[in-house]
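Participant: Below are the sequence and a predicted model; questions follow.
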Amino acid sequence: MNELILIEDLKRFKHGMEIFLNPTDFSVGTTPSEMIFREDKMKLIHYFPTVEKPHPVPVLIVYALVNRYYILDLQPDKSVIKKLLDEGFDVYIIDWGYPSGVDRYLTIDDYVNGYINNAVDKIRERSGLDKITLLGVCQGGTFSVMYAAQHPEKIKNLVTLVAPVNFDTKKGLLHLWAKSLDVDKVVDYYGIVPGDFLNTGFLLTDPFRLMIDKYVGFFDRIECEPNDTACQLRNQETIRNFLRMEKWIFDSPDQAGETFRQFIKDCYQKNLLIKNEMMINGKKINLKNITMPLLNVMAEFDHLVPTDASKPLTGAVSSSDKETMVFPTGHIGIFVGSKSQKEVCPRIAEWLKPRSIQDRTEEEKPESSRGKSREQKRKNHRSKVNEK
């Protein structure tokens, strides 16, 4: 009996491996869009509205530097982007691209007060508004909090989605791993930290589920009788869905070494952000400067950003209009799970709609006052590169 089970398991494994060696065609990030601005590796993408008159206040989504933004637009029926468009929002997103050796000296200040600030100014210029909505996801949410604290005059609403701000928690192996990491040794050795190095760390936070169990479950789902055409057609879509997620998981950009060094040291190891002691651009980041409406969204079963890492933000800001939402899903499920389309996105949209109306008192500023890039960008970055 055991021999028969082993033979069947081997057949399933062989069939599964044939799929990986001869993958079916699939695509990601298919929602129609255009690039409207570019600076170094960063691209600002604008999605074409799907309603005749979008809500006046545009939404800029800031994703993490790790992995790629298209997890928010993985496929048409699992797309946070498409859902927000259909809810009537004018949506932009930052594509961080793939850093190379020349980017090794980029700092958090370069990302927050450089790239994000220039993207915000570009959208303000296009929309004719002084303030926009900032929706930050994961590490991009942490950066968005930093930005909103230093530029509150440009942000009308702040939405954070599974974004860590309090790193003093023992929940989740990622936090324990980061606290004990000799980040100086890593950055000094690599310069640009390899994405594969980081991705391996993420996979090891839940190795059985992320590296073994999912493949076993996938092989079990794609069994069909030889003449069952309907089953085979269903399998094609199951396979595409699986491969889309695999593409995203292993699409891991390298990281600018100095940004990685500061993020690990100041956030994970010293927990300076929530203490209002973290410095960028020569200034302390004071979360009390955040006075705009805040929506803080978390995943109850998040193994990368536990709720303990996100909840303290709500109490740390000065906003009088603030709300916390926790959904019974995981870190990835909140983007692509069934609850994402049915519950998470609609609740975010419901909160955001009445806050996306242009203020009557908002005065039109001359175009010259908007969209200005910093005159002196990343001096340290450029000078250090030239020294090399």
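Facilitator: Arrived safely, thanks for sending. Everything numeric here is computed off the predicted structure, so don't read it as measured data. Numbering: from 1, shown residues only.

Participant: make it CA atoms for all contacts and neighbour counts henceforth
Facilitator: OK.

Participant: Could you report the pLDDT at His303?
Facilitator: With respect to pLDDT, His303 has a value of 86.

Participant: Same question for the one 10 residues further on.
Facilitator: According to the model's per-residue confidence, Leu313 sits at a pLDDT of 98.

Participant: what helix or strand does it sit in?
Facilitator: helix 312-316 (DSSP states H and E).

Participant: Next SSE downstream of that helix?
Facilitator: With DSSP H and E, the next secondary element past helix 312-316 is strand 322-327.

Participant: so what strands line up beside that following strand?
Facilitator: strand 294-299 (parallel) (DSSP bridges).

Participant: Identify all contacting residues around the helix holding Leu313.
Facilitator: 165-166, 274, 287-288, 294, 296, 322-324 (Cα atoms under 8 Å, 6 or more residues apart in numbering).

Participant: what about that helix, distance to the chain center?
Facilitator: 20 Å (Cα atoms, centre = their mean, to the nearest Å).

Participant: Which positions in it come out as buried?
Facilitator: Neighbour-count burial for helix 312-316, counted by 16 or more other Cα atoms under 10 Å, picks out 313-314, 316.

Participant: Can you add distance to Leu304 and give these back as a markdown table?
Facilitator: Listed next are the buried residues of helix 312-316 as a markdown table, based on distance: Cα to Cα, whole Å:
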| residue | distance to Leu304 |
| --- | --- |
| Leu313 | 17 |
| Thr314 | 19 |
| Ala316 | 21 |
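
Participant: give me every residue that touches Gly330.
Facilitator: 299-303.

Participant: ok, now with 7 Å
Facilitator: 299-302 (Cα atoms under 7 Å, 6 or more residues apart in numbering).

Participant: likewise Gln150?
Facilitator: Contacts of Gln150 (Cα under 7 Å, 6+ apart): Ile285.

Participant: ok, and what's touching stretch 297-309?
Facilitator: Against stretch 297-309 from outside (Cα under 7 Å, 6+ apart): 160-167, 169, 171-172, 174, 324-331, 334.

Participant: Can you pull up the most central residue in this structure?
Facilitator: Tyr63 (2.8 Å; Cα atoms, centre = their mean).

Participant: pLDDT score assigned to that one?
Facilitator: In this prediction Tyr63 is given a pLDDT of 97.

Participant: For Leu272, see how far away it is.
Facilitator: 21 Å (Cα to Cα, to the nearest Å).

Participant: quick one: terminal-to-terminal distance for stretch 177-190?
Facilitator: 18 Å.

Participant: Would you mind listing the buried residues in that stretch?
Facilitator: For stretch 177-190, using 16+ other Cα under 10 Å, the buried residues are 178-179, 183-184, 186-187.

Participant: Among the residues you listed, name the ones in helices.
Facilitator: Of those, the ones assigned to helices by DSSP state H are 178-179, 183-184, 186-187.

Participant: Of all pairs in the residues you listed, which one spans the longest distance?
Facilitator: Lys179 and Val187 (15.2 Å; Cα to Cα).

Participant: returning to that earlier point: of the contacts of helix 312-316, which is the most crowded?
Facilitator: For these, the largest number of neighbours (other Cα atoms under 10 Å) sits with Val165, at 28 neighbours.

Participant: can you tell me how far that one sits from Leu313?
Facilitator: 6 Å.

Participant: And Gly29, by the same measure?
Facilitator: 31 Å.

Participant: next one: Ile108
Facilitator: Distance from Ile108 to Leu313, by Cα to Cα: 19 Å.

Participant: Hmm, Ile61 and Ile93 touching each other?
Facilitator: Yes - between Ile93 and Ile61 a contact is recorded at 4.6 Å, counting by Cα atoms under 7 Å.

Participant: So which residues make contact with whichever strand or helix holds Ala349?
Facilitator: Using DSSP H and E, Ala349 maps to helix 345-352. Helix 345-352 is contacted by residues 80, 83-84, 87 when judged by Cα under 7 Å, 6+ apart.

Participant: can you pull the contacts of the residue nearest to the centre of the chain?
Facilitator: Applying Cα under 7 Å, 6+ apart, the residues contacting Tyr63 are 69, 94, 136-140.

Participant: before we move on, what SS does the closest residue to Val317 other than its chain neighbours have?
Facilitator: Closest residue to Val317 in three dimensions, ignoring its sequence neighbours and counting by Cα to Cα, 6 or more residues apart in numbering: Lys288, at 4.7 Å. Following DSSP: H, G, I helix; E, B strand; the rest coil, we place Lys288 in the helix state.
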